[in-house]
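1. please work out how this folds:
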Amino acid sequence: MRRLLPVLTALAVTLGLASAVTSADAAARPTAPWISGQAVQRDGSVAITLDWDPAPGASAYDVYALKGEGEPIMTGQLVGRGIAGTRTVVGGLTAGTTYCFALLGNNGGAGSPRACKVTPPVSRAVTPTALATTAATFNLRCGSKSKCNSGWKWKKRQKKVVADIDRIGSDILVFVEGHVAHKYGKKKRWIGKVMAKRGYELACQTQRSKKRKLFSQTAYVRSSAYAVVDPKANSKGTRFTRFGDRDHGFCQALIQHRATGKQVAIAAVHLRDGKADGIRQQETSYVLGRVTGAFPGRPTVVLGDFNSHRGLDRRGQTDTPRLVMEGAGYADAVDIAAQLTYPYLNSAHGFKTDPPRSTTWPTHVDRIFVSPGITVPSWENIAVLAGGRYATPMASDHNPIKATLYIP
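-> Numbering: from 1, shown residues only. The predicted model follows:
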């Protein structure tokens, strides 16, 4: 990487970062770039692939990088000069370190918003294994009839949900807020029936007892890839009364990979929403303790709607679930994936057809956490777009999130 440029505050003003952006500048301002690829190199450094949308009137771009978030981005290193396209590779980055990136077009407009990313640690360098699998999470917004019919009605959404299930095609598939989706609407499209028809087995559900069966959080596995180890024990072990409502909770299961015989622990999670970082922290610790206590020593995947994301501190909260998971050696798949698809689109969009975009951090509440040793060759936000907007009717107010995992 080139030397740090001694860019003074006056230059920051010249670049339009220390003053209000005029309407003319705003029209020509590049959008925030995003990281579409990252790879740990043989020397332990990291190379990232940076992409961006073309800015009106710009035919070339300078790319800046800065460690951390503290300083004006244009005081960072100039890592790409006069790039004619909309992609570049930046090498020589330190593994396990936060970097922020920004663009400056040659059209005289202001610099772009920053986009930040944590580079993967060396321990998460992608390593193929005999157990390569896919895992996905999908919030259906159908925990009750009223929620099912808010936004686009379930009658219209149900067919789209089934289409998304086919599009996901994952070996492990978790549904969140799906209780009513298992028994409401067109019968042949009830989630349980849809999954059975496609060769899936129910691995766990939020609660199953003689008095009550809840499908709010469920985990399904493709029968050709996995066997569920003691399904009855998994169901009985997930009666979760800590969360005081039907929509939030978790379930856990132990599954066995048919080809390798390897056992993997999985958990389907939906944490509290709103300003409840302390509660989410307690819930995450509880879930992690339950899963690791029930299935010690197994590689573990915890996925679902965490109602929390990186950068949440900008809204007066903290990403407490990540802190708990990272404290136990887990990593968010989006942080360590070698290839990323639509990382800049929010996974939760609230039925907005104009896709909400993230700038500083990818803001995904739908997350896939993996235990130490698991590496991630790809991560995907499965967004269905038509002409730059979400296709309607929309399947849910969340996009499915999917990752490919190499499990040791």
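2. report how many residues lie close to the residue nearest to Thr119 when sequence neighbours are not counted.
-> The shortest distance from Thr119 to any non-neighbouring residue, by C-beta to C-beta, 6 or more residues apart in numbering, is to Val46 (4.2 Å). For glycine as for every other residue, the C-beta is placed from the backbone atoms N, C-alpha and C. Other residues near Val46 come to 24 when the count uses other C-beta atoms under 10 Å.
3. what does the helix or strand containing Val46 contact?
-> Assigned by DSSP states H and E, Val46 belongs to strand 45-51. Contact with strand 45-51 is made by 33-41, 63, 86-95, 99, 101, 117, 119-120, as judged by C-beta atoms under 8 Å, 6 or more residues apart in numbering.
4. just checking, next helix/strand downstream of that strand?
-> strand 61-67.
5. what's that following strand packed up against?
-> Secondary-structure packing of strand 61-67 (3 or more C-beta pairs under 8 Å, 6 or more residues apart in numbering; DSSP states H and E): strand 77-83, strand 87-94, strand 98-105.
6. recalculate using a threshold of 7 Å.
-> Counting contacts by 3 or more C-beta pairs under 7 Å, 6 or more residues apart in numbering; DSSP states H and E, strand 61-67 is packed against strand 77-83, strand 98-105.
7. packing partners of the longest helix along the chain?
-> Determined from DSSP state H, the single longest helix within the chain is helix 277-294. If you count contacts as 3+ C-beta pairs under 7 Å, 6+ apart, helix 277-294 packs onto strand 249-257, strand 263-270, strand 300-305, helix 320-327.
8. mind doing that once more with 6 Å?
-> strand 263-270, helix 320-327 (3 or more C-beta pairs under 6 Å, 6 or more residues apart in numbering; DSSP states H and E).
9. adjacent strands (with direction) for the first one?
-> So that's strand 263-270. strand 249-257 (antiparallel), strand 300-305 (parallel) (DSSP bridges).
10. the helices in the protein, which residues?
-> Using DSSP H, helices in the chain cover 9-14, 23-28, 145-148, 154-168, 191-197, 231-236, 277-294, 320-327, 333-336.
11. low-confidence ranges, the chain, go.
-> 1-27, 70-75, 235-242 (pLDDT under 70).
12. hmm, Thr341 is touching Glu380, no?
-> Yes - with contact defined as C-beta atoms under 6 Å, Thr341 reaches Glu380; the gap is 4.2 Å.
13. more crowded one of those two?
-> Taking other C-beta under 10 Å, Thr341 and Glu380 do not tie; Glu380 has more neighbours (22 against 14).
14. so what's that one bridging to?
-> Thr341, Lys402.
15. so what's the nearest residue to Tyr220 once chain neighbours are set aside bridging to?
-> What sits nearest to Tyr220 in space, not counting adjacent residues and going by C-beta to C-beta, 6+ apart, is Tyr200, at 4.2 Å. Beta-bridge partners for Tyr200, by DSSP bridges, are Arg222.
16. run a quick neighbour tally on Tyr200.
-> Tyr200: 24 surrounding residues under other C-beta under 10 Å.
17. Gln339: what's it in contact with?
-> 37, 378 (C-beta atoms under 6 Å, 6 or more residues apart in numbering).
18. where's it relative to Gln217, distance?
-> 28 Å (C-beta to C-beta, to the nearest Å).
19. so which of the strands paired with strand 263-270 comes closest to Gly192?
-> strand 249-257 (14.3 Å; C-beta to C-beta).
20. contacts for the closest one?
-> So strand 249-257 is contacted by 131, 203-206, 217, 219, 221, 226-229, 234, 238, 240, 243, 263-269, 287, 291, 295 (C-beta under 6 Å, 6+ apart).
21. assess the claim that the residue nearest to Tyr220 and Ala219 are in contact.
-> No - counting by C-beta under 6 Å, Tyr200 does not reach Ala219; the two are 9.9 Å apart.
22. so which of the helices and strands packed on helix 277-294 gets nearest Lys156?
-> strand 263-270 (23.7 Å).
23. picking up where we left off before, out of the contacts of strand 45-51, which end up buried?
-> Neighbour counting by 16 or more other C-beta atoms under 10 Å classes 33-40, 63, 86, 88, 90, 93, 95, 99, 101, 117, 119-120 among the contacts of strand 45-51 as buried.
24. which stretch among the helices of the chain is buried most, on average?
-> When the helices of the chain are scored by mean count of other C-beta atoms under 10 Å, the highest mean neighbour count falls to helix 333-336 (a mean of 26).
25. so Arg141 makes contact with Ala395?
-> No - at 9.3 Å, Arg141 and Ala395 do not qualify as touching, with contact defined as C-beta under 6 Å.
26. Glu69: neighbouring residues, count only.
-> The number of residues near Glu69, taken as other C-beta under 10 Å, comes to 15.
27. who are the contact partners of it?
-> Cys100.
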